[in-house]
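Trainee: could you look at this predicted model? Sequence included:
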Amino acid sequence: MKESFNASLVDCGSNCLNIVPQKTSSAYSERTLILLYLTYKMEFPTVNPLSMIFLMKETEPGSDLFNCDSVFYGGQYFDSIQSLISAYRRGEIKKVKMNFPSPAPGETTMPSTINLRGKTFPNTSQAGPKEYEPDGKRYRVKGQHIEYMEWSFNYRISTVSGPQVWDVRWSGERIAYEISLQDLGVIYGGDNPATFYTHLSDSAFGIGNKAYGLMPGVDCPEHATFQPLYVFDELENKAVTRTHAFCVFEHNTGVPLRRHSSNDDVSGKSYGGLVDRVLVVRTIIVEFNYDYIFDIIFHQNGAVEIKTYASGFLMSHSFQNGDDKFGFRVAENIVGSIHHHLFHFKIDLDIKGQINRYETLDLDLDERKWLWHKSGQETFQQLSFRHTLKATELQAVYRYNFSTPKYHIVYNNQERNKFGAHRAYRMSVEGFSKVLFPDDSPVLTSRKWCKYQIAATHRKDEEESSSSIFSMFDGQSPHVDFDRFLQDDESLVDQDLVFWVTAGFHHIPHTEDIPNTPTVGTQATISLMPYNYFPECPSVGSRDAVRAEVIKDSVVFKDYGLSVNSRCLPTKFDFSYLLQNKSHLFP
C-alpha cells in the first residue's frame with residue numbers, strides 16, 4: 001500500500017488510509033456481500049477512492065462470518081489476497097503509483113474539501129440580502145400541528161422513510177390524508193465492484209434518523225422555527241433528540257403568484273398582483289455522502305408542492321487508463337460514477353371526501369371542418385382533450401410518454417361546480433425519470449415501484465408502504481413486492497384512492513460537481529393544484545395583494561390594510577448557542 005498509494009493504514013503519520021465498508025444490494029448475489037474499499041483519510045472518502053477493493057462474501061446464508069472472495073487492484077481482478085501479493089512480488093501486474101493528495105499551487109486546502117479557495121468573490125465585504133418577519137410569525141406550530149393562512153396539517157418524520165404530512169386541510173376541508181416519502185433509490189454503474197454492486201435503497205439504513213443539524217441562514221432562513229426529532233439510536237441503544245431536524249418558515253418566493261398590468265383605452269390603466277408568499281416545511285436527509293433536501297410548500301391559492309433537491313459529495317471510482325463509459329474524470333485520479341436518483345412518494349388524496357375517481361385529460365388533436373373558413377382545405381387540426389376514466393389499478397399504471405401528454409385529475413363524482421365540472425385536484429410532476437432496466441432486471445426486484453411514474457391503488461391498511469428496511473437485501477424474496485399492489489387489479493371507481501409517484505433524475509457527474517454537487521438542475525417537483533375545485537382562485541381573498549389604478553389622472557394604491565410600518569426589526573442571528581452545544585449540528 002505504501003508503494004502504491006504513498007500512504008498506509010497503520011503508522012501512517014499524516015499520510016493515512018481508510019477502509020470504508022459498503023453494503024451491497026442482493027440484486028446480483030444470493031449471498032450477502034460487503035465491499036471494503038480504500039480511500040485517503042481526508043474530506044471526503046467518496047471523492048478520494050483508491051483502486052483497491054476487497055469483496056467479502058458471507059460463508060453461508062445468514063452467517064456472521066465473511067471470507068475475502070476477491071480483490072480488485074488497479075483495474076485488475078484477483079481471486080484472493082495471496083494471488084495479488086504473489087503477482088505483485090513477481091512483477092506480473094501493472095502497479096499503481098499515486099501520491100498522497102496535496103493542495104493545488106497557491107492554495108492551502110485540499111481540492112476535495114469544501115473550504116474557501118480559488119478566485120474569491122464578491123469583491124466587497126457587503127452581506128447578501130436576508131428575509132425577516134416585520135410583524136412576527138404568521139403561522140403557528142403546536143407540537144406536530146401547523147397552521148398557516150387557510151392551511152392546517154400535521155407533520156412528522158418517520159425514522160425509516162422520512163418526512164410526512166397528515167390531514168392536510170384548506171379552510172377545514174381535507175385535501176390529503178397523507179403525503180409521505182417512501183424511499184430513496186440510487187442505482188450506480190461502474191467498471192469496478194464498488195459501483196457495480198451499488199443499488200441503494202436508503203430505507204435500509206434509515207432515512208428520518210439522518211435528519212439533523214440544519215444551519216440557520218443557509219439550510220433555512222434565520223427567522224425559521226427549528227424543530228427537534230426524537231428517535232431511537234441503535235448505536236447508543238437509547239432514545240435521543242436530534243435538534244434542528246426540520247424547520248418551518250414563511251418565504252417570499254420573489255415571484256408573483258398572479259399579476260396583470262393594463263395600459264390601454266379598453267381596459268384602462270391598472271395593476272393588480274399578489275406576491276407568492278408560502279409556508280415551507282423543510283428537512284435535509286444526509287445519507288453518508290449525499291444530502292437530500294425535502295420541501296413541502298403551501299401556497300395561498302390552495303396548491304401544495306413537494307420539492308426535492310440533491311447535493312453532497314459524489315460517489316466516485318479510481319481512474320483507469322482507457323475509455324470510461326461510466327463517467328468523466330472529475331479530478332486527477334477520479335471518475336464521477338454515473339447514477340440515477342429516484343424518490344418515491346405516497347399521496348393519499350381525499351377530494352371532497354374519501355370516495356374519489358381518477359381520470360386523465362388526454363391531450364389530442366381535433367380535426368374537422370369549420371364553416372367560417374372557406375379556403376378549399378377539407379379539415380383543420382387544433383389542440384383538444386378527451387376524458388379517460390381509470391377504472392382499475394392496472395389501467396391506472398402510468399409510464400411517462402412525451403407523445404401522450406395528459407392531466408391527472410382526482411375528484412368526487414358527486415361534487416360538481418355550478419358549470420357541471422368536477423370539483424377536482426390536479427397532480428402534476430416535473431421530474432419524471434425513466435428507469436432503463438427491463439422490468440425483470442434483478443436490480444428492480446426489491447424496488448419495483450421505480451418502474452412506474454404514477455400508480456394508483458385502492459387504499460388498504462396492509463399496503464401501508466411501497467418499501468421496507470429490507471429492500472436492499474431481499475432480492476430473492478422481497479418483503480414488499482409493489483407489483484402485488486396492482487396484480488389484483490381492483491376497481492378505482494368511487495374508492496378511497498392512494499397515488500404512488502416516482503420522480504428523480506439521471507446524474508452523469510462533471511468537474512463542477514467537485515467538491516459538492518450544486519442543487520441547480522437536481523430539482524424534482526410534485527404539484528397538487530385545485531382544478532375547478534373553487535369558484536375562483538381563493539388567493540383573491542389574500543390581503544397580501546396590492547392594486548394600483550389611475551382614477552381621474554391620479555394613481556390610487558390599495559394594500560388592503562396590512563401593516564406598512566414594521567413592528568419587528570431585523571435581528572442578527574445569535575450563533576453562540578450552536579457553538580456552545582455542538583449537538584445542535586453534530587449529534
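Mentor: Alright, I've got the coordinates. Residues are numbered from 1 along each chain as shown.
Trainee: my read is that Ile263 contacts Val550, right?
Mentor: Let me fix one detail, which is that residue 263 is Asn and not Ile. No - the pair Asn263 and Val550 does not pass the contact test of C-beta atoms under 8 Å, sitting 9.1 Å apart. Every C-beta, even on glycine, is put in place using the N, C-alpha and C of the backbone.
Trainee: overlap in contacts of the two?
Mentor: Lys269 (C-beta atoms under 8 Å, 6 or more residues apart in numbering).
Trainee: can you show me the helices along this protein?
Mentor: Listed in chain order, the helices found in the chain under DSSP state H are 2-5, 81-89, 193-196, 393-396, 483-487, 576-580.
Trainee: just name the most buried of those.
Mentor: helix 193-196 (a mean of 22; mean count of other C-beta atoms under 10 Å).
Trainee: looking at Asn263 and Val550, which is more packed in?
Mentor: Val550 (14 against 10; other C-beta atoms under 10 Å).
Trainee: excluding its backbone neighbours, what's nearest the more buried one?
Mentor: Lys269 (4.0 Å; C-beta to C-beta, 6 or more residues apart in numbering).
Trainee: could you do Met149 as well?
Mentor: Gln300 is the one closest to Met149 (C-beta to C-beta, 6+ apart), at 6.0 Å.
Trainee: my guess is the one you found contacts Asp544. True?
Mentor: Yes - here Gln300 reaches Asp544: they are 7.0 Å apart, a contact under C-beta under 8 Å.
Trainee: what's the overlap in contacts for the two?
Mentor: Common neighbours of Gln300 and Asp544 (C-beta under 8 Å, 6+ apart) are 274, 277.
Trainee: these two - which one has more neighbours?
Mentor: Using other C-beta under 10 Å as the criterion, Gln300 and Asp544 rank with Gln300 on top: 25 against 18.
Trainee: tell me the contacts of that one?
Mentor: For Gln300, the contacting residues are 149-150, 257, 274, 276-278, 538-539, 542, 544, by C-beta under 8 Å, 6+ apart.
Trainee: swap the cut-off to 6 Å and go again
Mentor: If you count contacts by C-beta atoms under 6 Å, 6 or more residues apart in numbering, Gln300 has them with 149, 539, 542.
Trainee: again with Tyr407
Mentor: Going by C-beta under 6 Å, 6+ apart, the list of residues near Tyr407 reads 361, 426.
Trainee: how far away is it from Gln395?
Mentor: Separation of Tyr407 from Gln395 (C-beta to C-beta, to the nearest Å) stands at 16 Å.
Trainee: one more: Trp372?
Mentor: Counting by C-beta to C-beta, the gap from Trp372 to Gln395 is 39 Å.
Trainee: what is the burial count for Leu257?
Mentor: Look at Leu257: counted by other C-beta under 10 Å, it has 20 neighbours.
Trainee: Arg277 is in contact with that one, correct?
Mentor: No - Leu257 lies out of contact with Arg277 (C-beta atoms under 6 Å); the separation is 8.1 Å.
Trainee: for stretch 198-212, which outside residues touch it?
Mentor: So stretch 198-212 is contacted by 25, 27, 157-162, 183-188, 229, 231, 242, 245, 283, 285-287, 443, 447, 467, 469, 471-472, 587 (C-beta under 6 Å, 6+ apart).
Trainee: first-to-last residue distance for that stretch?
Mentor: The first residue of stretch 198-212 is 25 Å away from its last residue (C-alpha to C-alpha, to the nearest Å).
Trainee: same question, stretch 483-499
Mentor: Per C-alpha to C-alpha, stretch 483-499 runs 14 Å from first to last residue.
Trainee: next one: that stretch to chain centre, how far?
Mentor: Here the centre of stretch 483-499 is set off from its chain's centre by 26 Å, with C-alpha atoms, centre = their mean, to the nearest Å.
Trainee: what does it contact?
Mentor: Here stretch 483-499 has contacts from 347-348, 354-358, 390-394, 396, 448, 456-459, 463, using C-beta under 6 Å, 6+ apart.
Trainee: that one: which residues count as buried?
Mentor: Neighbour counts over stretch 483-499 (16 or more other C-beta atoms under 10 Å) mark 485-486, 492-493, 495-499 as buried.
Trainee: can you put these in a markdown table and add pLDDT and distance to Ser554?
Mentor: A markdown table is the format used below for these (pLDDT from 0 to 100; distance: C-beta to C-beta, whole Å):
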| residue | pLDDT | distance to Ser554 |
| --- | --- | --- |
| Phe485 | 96 | 64 |
| Leu486 | 96 | 64 |
| Leu492 | 98 | 58 |
| Val493 | 98 | 58 |
| Gln495 | 98 | 58 |
| Asp496 | 98 | 57 |
| Leu497 | 98 | 54 |
| Val498 | 98 | 56 |
| Phe499 | 98 | 52 |
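Trainee: which of these sits closest to Gly172?
Mentor: Nearest to Gly172, judged by C-beta to C-beta, of those is Asp496 at 19.9 Å.
Trainee: quick one: that closest one from Asn154, how far?
Mentor: 19 Å.
Trainee: do the same with Leu528
Mentor: With C-beta to C-beta as the criterion, Leu528 and Asn154 are 17 Å apart.
Trainee: same question for Cys247.
Mentor: 16 Å.
Trainee: which one of these two has more residues nearby?
Mentor: Higher neighbour count among Cys247 and Asn154: Cys247, with 20 against 14, using other C-beta under 10 Å.
Trainee: the more buried one against Pro221, yeah?
Mentor: No - shown here, Cys247 and Pro221 do not form a contact pair, counting by C-beta under 6 Å, at 8.2 Å.
Trainee: now for the two: what residues contact both?
Mentor: By C-beta under 6 Å, 6+ apart, no residue touches both Cys247 and Pro221.
Trainee: contacts only, for Lys142.
Mentor: No contacts exist for Lys142 under C-beta under 6 Å, 6+ apart.
Trainee: hey, what's it bridged with?
Mentor: Applying DSSP bridges to Lys142 gives these bridge partners: His145.
Trainee: try Glu367
Mentor: Gln381.
Trainee: give me the pLDDT for it.
Mentor: pLDDT, Glu367: 91.
Trainee: touching, it and Ser384? I think so.
Mentor: No - with contacts counted by C-beta under 6 Å, Glu367 stays clear of Ser384, the gap being 9.2 Å.
Trainee: in ChimeraX, select just the buried ones from the contacts of stretch 483-499.
Mentor: Buried subset of those, written as a ChimeraX selection, criterion 16+ other C-beta under 10 Å:
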select :347,348,354,355,356,357,358,390,392,393,396,448,456,457,458,459,463
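Trainee: ok, the closest residue to Phe586 other than its chain neighbours to Pro221 distance?
Mentor: In space, and not counting its chain neighbours, Phe586 is closest to Gly213: 6.2 Å by C-beta to C-beta, 6+ apart. As defined by C-beta to C-beta, Gly213 lies at a distance of 16 Å from Pro221.
Trainee: so how far is His260 from the residue nearest to Ser270 when sequence neighbours are not counted?
Mentor: Spatially, and ignoring its direct neighbours in sequence, Ser270 is nearest to Glu549 (3.8 Å; C-beta to C-beta, 6+ apart). Noted for Glu549: a distance of 12 Å to His260, by C-beta to C-beta.
Trainee: who has more neighbours, the two?
Mentor: Glu549 (15 against 10).
Trainee: you'd agree that one is up against Ser267?
Mentor: No - using C-beta under 6 Å, Glu549 makes no contact with Ser267, being 10.4 Å away.
Trainee: now the strands for the stretch 201-350 of the chain?
Mentor: Taking DSSP state E, counting those that start in this stretch, the strands of the stretch 201-350 of the chain run over residues 225-233, 238-264, 268-287, 290-298, 304-312, 316-318, 329-331, 334-336, 339-349.
Trainee: now these in TSV, with distance to Pro45 and mean pLDDT?
Mentor: TSV is the format used below for these (distance: least, C-beta to C-beta, whole Å; pLDDT from 0 to 100):
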stretch	distance to Pro45	mean pLDDT
strand 225-233	22	91
strand 238-264	23	94
strand 268-287	14	95
strand 290-298	13	98
strand 304-312	12	98
strand 316-318	10	90
strand 329-331	14	92
strand 334-336	12	93
strand 339-349	17	98
